[in-house]
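**Q** Could you look at this predicted model? Sequence included:
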Amino acid sequence: MRVTSAQKAHAQHGATSRLTAVAVTLITLVAAAGVAGCGSESDGDPQLTVYLSAPLSGPRAAAGRDVAAAAELALEDAGGVAGDTAVDLQILDDATEQGWDGARSGADARRATQDSTAIAYIGELDSGASRTSIPITNEAGLLQVSPGSGAEDLTREDIGSSSIPSVQPSGTRTFGRVIPSDRAQGEAAAVWMSQAGIASVEVIENGAGSSFADALVAGLRSAGSGPAIVEAGQDPDAGYLAVEDDPNVSVGAQLPGGLPVYASDGELDDPAGPKVASERREATRVTSAAMDTAQLPPAAAQFLAAFSDANGHRPGRYAAYGYEAMAVVLDSIERAEDPLDRSAVIDAFLATNNRDSILGTYSIDGVGDTTLPQLGAYETDQRGRPIATRRPITLP
């Protein structure tokens with residue numbers, strides 16, 4: 001499906017009607033919690049339902065609401081249809097005030113799979129929540145597309161392998177994502193370091209056995225021209241902080257003052273702001289699987305304007321990925337041999353090739369990962385505030 005102009009859709013429907021529609025959907029879902037959604041028919045034509053699960057509560061609520069609002073905008077841009085089939089969007093909350101919640105993401109996935117009109121599930125933003133929902137949608141043969149979960153074990157059993165992971169227990173792939181993986185983020189860090197002339201790096205993790213850290217380090221190692229990884233005390237050129245959440249240890253105590261520090265996007269996901277830069281009072285370079293809105297290609301300009309007009313604020317960095325998750329789902333429904341068949345829609349999604357989108361041009365590879373080569377990059381100032389670089393990092 002070719003994505004239509006976001007501004008045109010906005011002019012046709014109006015910001016007020018869009019916000020009202022989202023509000024009504026959310027209120028209805030709260031009132032009917034635990035009840036399976038029902039599709040409807042219009043003039044005898046079938047209607048399909050796409051479910052979206054994201055953190056609408058808790059510390060990542062702003063990002064989750066942006067994803068939901070952007071997905072709603074993508075559906076409006078498509079005229080509420082995929083091909084000739086009407087599509088409804090149901091929005092669910094996968095979080096509590098403390099953060100993502102496995103019980104909620106599991107309940108969201110079960111609600112979707114029990115709806116006979118459900119054709120796809122968009123979620124989750126957090127990899128931990130996706131580890132709960134994916135087995136449920138996978139067993140039901142329902143396509144799941146994530147706008148934000150980058151964990152390697154969601155698409156492959158082992159880093160670098162192509163085997164179907166245990167989180168997809170049916171043995172058939174049903175999951176994919178429009179955001180680059182954690183390993184790709186490690187590769188992006190290596191590219192950035194190489195561009196800065198860094199030949200060696202010490203990696204700091206917050207605990208052994210972290211799948212997130214393992215993926216980042218694998219990405220660092222796989223970059224052919226990347227820096228050598230050295231042990232503490234071997235006089236590295238830089239330090240790399242490979243942690244999923246803000247560290248509980250003082251990074252400043254582990255790295256010499258003045259040493260360049262690179263960090264992963266766990267630094268950006270804390271509402272309190274990047275911790276490393278504020279601890280060290282030195283600039284930190286931070287990679288992000290999601291590009292900043294300022295780093296998106298020109299194709300995203302109309303989306304950014306329409307989103308801001310409709311929601312009264314500029315979108316956060318995950319919004320464009322929520323838009324594209326919905327857009328590629330609609331495109332997959334339209335391209336499917338039978339748009340009403342879940343298996344056919346999964347096949348169409350996994351066959352996505354050279355798709356032009358507001359994120360750039362990408363394909364979905366054999367394990368369900370995006371081939372999008374652009375990732376976000378930020379430099380923090382001495383107050384710890386992240387500032388997007390002029391251009392994203394592009395993988396070779």
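**A** Arrived safely, thanks for sending. Numbering: from 1, shown residues only.

**Q** Regarding Gly141, what is its secondary structure?
**A** Following DSSP: H, G, I helix; E, B strand; the rest coil, the label given to Gly141 is coil.

**Q** what's near enough to touch it?
**A** Ser170, Thr172, Thr174, Arg342, Ser343, Ile346 (CB atoms under 8 Å, 6 or more residues apart in numbering). Every C-beta, even on glycine, is put in place using the N, C-alpha and C of the backbone.

**Q** Check Pro169 too.
**A** Pro169 touches Pro135, Asn138, Glu139, counting by CB under 8 Å, 6+ apart.

**Q** Please pick the buried ones from those residues.
**A** Listed as buried from the contacts of Pro169 are Pro135, Asn138; burial here means 16 or more other CB atoms under 10 Å.

**Q** Ser181: which of the contacts of Gly141 is nearest?
**A** Nearest to Ser181 among the contacts of Gly141: Thr174, at 17.2 Å, using CB to CB.

**Q** thought the closest one was touching Gln144?
**A** Yes - under the criterion of CB atoms under 8 Å, Thr174 makes contact with Gln144 at 6.1 Å.

**Q** The two: which has the busier surroundings?
**A** When Thr174 and Gln144 are compared for neighbours, Gln144 comes out ahead with 32 against 26, by other CB atoms under 10 Å.

**Q** how about that one, what does it touch?
**A** Counting by CB under 8 Å, 6+ apart, Gln144 makes contact with 109, 120-123, 130, 133-134, 137-138, 174-176.

**Q** Only the buried subset of these, as a PyMOL command please.
**A** Per 16+ other CB under 10 Å, the buried members of the contacts of Gln144 correspond to this PyMOL selection:
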select buried, resi 109+120+121+122+123+130+133+134+137+138+174+175+176
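
**Q** thinking again about what came up before, for the contacts of Gly141, which two are the farthest from each other?
**A** Pairwise over the contacts of Gly141, using CB to CB, the maximum falls at Ser170 and Arg342, 12.1 Å.

**Q** where do the helices sit along the stretch 151-300 of the chain?
**A** For the stretch 151-300 of the chain, the helices defined by DSSP state H, counting those that start in this stretch occupy 182-195, 211-222, 251-254, 275-280.

**Q** returning to that earlier point: let's see which of the contacts of Gln144 end up in strands.
**A** Among these, DSSP state E puts Ala120, Tyr121, Ile122, Phe175, Gly176 in strands.

**Q** and which of those residues is nearest to Ala62?
**A** Ile122 (17.7 Å).

**Q** Without its sequence neighbours, what residue ends up closest to the closest one?
**A** Leu52 (4.3 Å; CB to CB, 6 or more residues apart in numbering).

**Q** Name the residue closest to the centre of the protein, please.
**A** Residue closest to the average C-alpha location in the chain (CA atoms, centre = their mean): Gly148, at 1.6 Å.

**Q** Let me see the contact set for the residue nearest to it when sequence neighbours are not counted.
**A** Using CB to CB, 6+ apart and skipping the chain neighbours, the partner closest in space to Gly148 is Leu125 (4.0 Å). By CB under 8 Å, 6+ apart, the contact set of Leu125 is 54-55, 60, 63-64, 67, 94, 100, 146-149, 318.
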